[in-house]
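Q: Sequence plus the predicted model coming up.
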Amino acid sequence: MATATGDDQPKLKLYSYWRSSCSFRVRIALNLKGLHYDYEAVNLVKGEQRNPEFVKLNPIGYVPVLVDGDIVLSDSFAILLYLDEKYPQHPLLPTDLKRKAINLQVANIVSASIQPLQNLSYIKEKFGPEEITPWVKYHLGNGFAALEGLLKNYAGRYATGDEVFLADLFLAPQIHSFVTRFNFDLSQYPILSRLNEAYSLLPAFQNAMPEKQPDYPSSSTS
Ligand SMILES: N[C@@H](CCC(=O)N[C@@H](CS)C(=O)NCC(=O)O)C(=O)O
């Protein structure tokens, strides 16, 4: 198994968009593992995810995409599991089976049962502008209530104890969207509020924030 670190690793390239919560997950993992990467911006508002060159990398037309030598991988969940095997420094899954399973459960709740329901490209096709906020609020709230209930048996400083694991990489971007993008009130979710505070203190999370990305628009609302 390769154990490349930031100093001797092959060059990685991440196709990302500043506001993409799925890309945000991968940015945190790369930072935690100390992996350097080139940032390739894909402007989702301009539709660059549908450019033929990009679709060759990811036929479904979504960010993130990671290129690692001859491996081109899309879907943040697959990318994170791949990175964890290839670059085992700072493991993303605990060895304890129960906590490992909870990490996978949280990751999949966010990935499959929350994030797709806030993806504006799906929602805009179905709803008018005034229907979007109640839809997103209902579904994000539903998911957050479920996560709050699940985590009360596991959370420590972070989601499943006192170390950062996969669950945290899915939670931080989702909470960030909830608060910053949609302006919803997080205070009714005390565990998620506490986790959000803890994430805000970690450089790997801080440097992965949308507003820290090279394509973050300096004076635009896109
Ligand atoms: N399951 C995929 C979802 C990817 C996804 O939804 N990406 C969004 C940004 S977070 C995207 O590229 N949206 C572009 C579009 O909907 O056209 C993952 O986790 O990577």
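A: All right, it came through fine. Numbering: from 1, shown residues only.
Q: which secondary structure elements does the helix or strand of the chain with the lowest mean pLDDT contact?
A: Counting by mean pLDDT, DSSP states H and E, the weakest-scoring helix or strand in the chain turns out to be helix 120-126, with a mean of 77. Helix 120-126 sits against helix 129-151, with contacts defined as 3 or more C-beta pairs under 8 Å, 6 or more residues apart in numbering; DSSP states H and E. C-betas here are computed from N, CA, C, even on glycine.
Q: Moving C-terminal from the helix it packs on, which element do we reach first?
A: Remark: after helix 129-151, the chain's next helix or strand is helix 166-176, criterion DSSP states H and E.
Q: ok, residues contacting stretch 166-182?
A: Contact with stretch 166-182 is made by 19, 21-22, 24-25, 28-29, 80, 84, 92-93, 102-104, 106-107, 110-111, 114-115, 118, 133, 136-137, 140, 143-144, 147, 158-160, 184, 186, 192, 195-196, 199, 205, 209-210, as judged by C-beta atoms under 8 Å, 6 or more residues apart in numbering.
Q: Residues of the protein that sit close to the ligand?
A: 20-22, 44, 49, 61-64, 75-77, 111, 119, 121 (C-beta under 6 Å from any ligand atom).
Q: Where does the residue nearest the centre of the chain fall, secondary structure wise?
A: Nearest to the mean C-alpha position of the chain, by C-alpha atoms, centre = their mean, lies Arg25 at 2.6 Å. Assigned by DSSP H and E, Arg25 belongs to helix 21-32.
Q: Of the residues of the chain next to the ligand, which is the most crowded?
A: Ser76 (29 neighbours; other C-beta atoms under 10 Å).
Q: That one contacts Ser23, doesn't it?
A: Yes. At 7.3 Å, Ser76 counts as touching Ser23 under the criterion of C-beta atoms under 8 Å.
Q: any shared contact partners between those two?
A: Pro64.
Q: about what we covered before: list the contacts of the least confident helix or strand of the chain.
A: Against helix 120-126 from outside (C-beta under 8 Å, 6+ apart): 44, 116-117, 132, 135-136.
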